[in-house]
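> got a sequence here, can you model it:
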Amino acid sequence: MSTGVKQIDPALSPSDMAAAIHALWRDVRIVNTYWVPLLGGTARDWDRKAIYLDCRFPRYIDFGGRHVDVWRYVLIHECVERTLMDELNLPYAIAHTFATAAERAAVEADGHSWDDYTLALRPWIDLARTRPKDAQLAPGIDMRPMQAGHRH
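Just a heads-up that it's a prediction; the model follows:
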């Protein structure tokens, strides 16, 4: 979850980011009833517009003294990553880097510290690596990130 991006473009307003997130919520559904080894992923059949989040990953996490909806940032990450792989045929590693930059821009547009955010997500990313008892892998999940040997 790290990039060389230091700061968001000051021209990007919180209302611009909110509009982008709202558009994604309208078109993409989140499923969080399965095990997802990388915390988040997309359906192999992207026509379904489903993002899978690990079943143990809560929607709200406390960090930086605030109770924050973190799914909104993962939503941006997964949508950007998937679009770049599918539409521009970029390799996963490059798409992931751009997606992380977009995720960071959203976090910072909402006034949060990127360092606080990534620190708050770390336990959930680590937990997602272990399969919960009786949990199924998200059906039809796009395996490209796992096949690329992704490590956060």
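> tell me the predicted confidence for the residue nearest to Val36 when sequence neighbours are not counted.
Take Val36 and drop its neighbours on the chain: the residue closest to it by Cβ to Cβ, 6 or more residues apart in numbering is Asp54, 4.3 Å away. In short, each C-beta sits where N, CA and C put it, glycine included. With respect to pLDDT, Asp54 scores 97.
> can you report how many residues lie near Asp54?
25 (other Cβ atoms under 10 Å).
> return the residues in contact with it.
Asp54 makes contact with Asn32, Tyr34, Trp35, Val36, Pro37, Leu39, Gly40, Trp124, Leu127, Ala128 under the criterion Cβ atoms under 8 Å, 6 or more residues apart in numbering.
> most neighbours, which of these?
Gly40 (25 neighbours).
> hmm, Pro14 and Gly111 touching each other?
Yes - counting by Cβ atoms under 8 Å, Pro14 is a contact partner of Gly111 at 7.3 Å.
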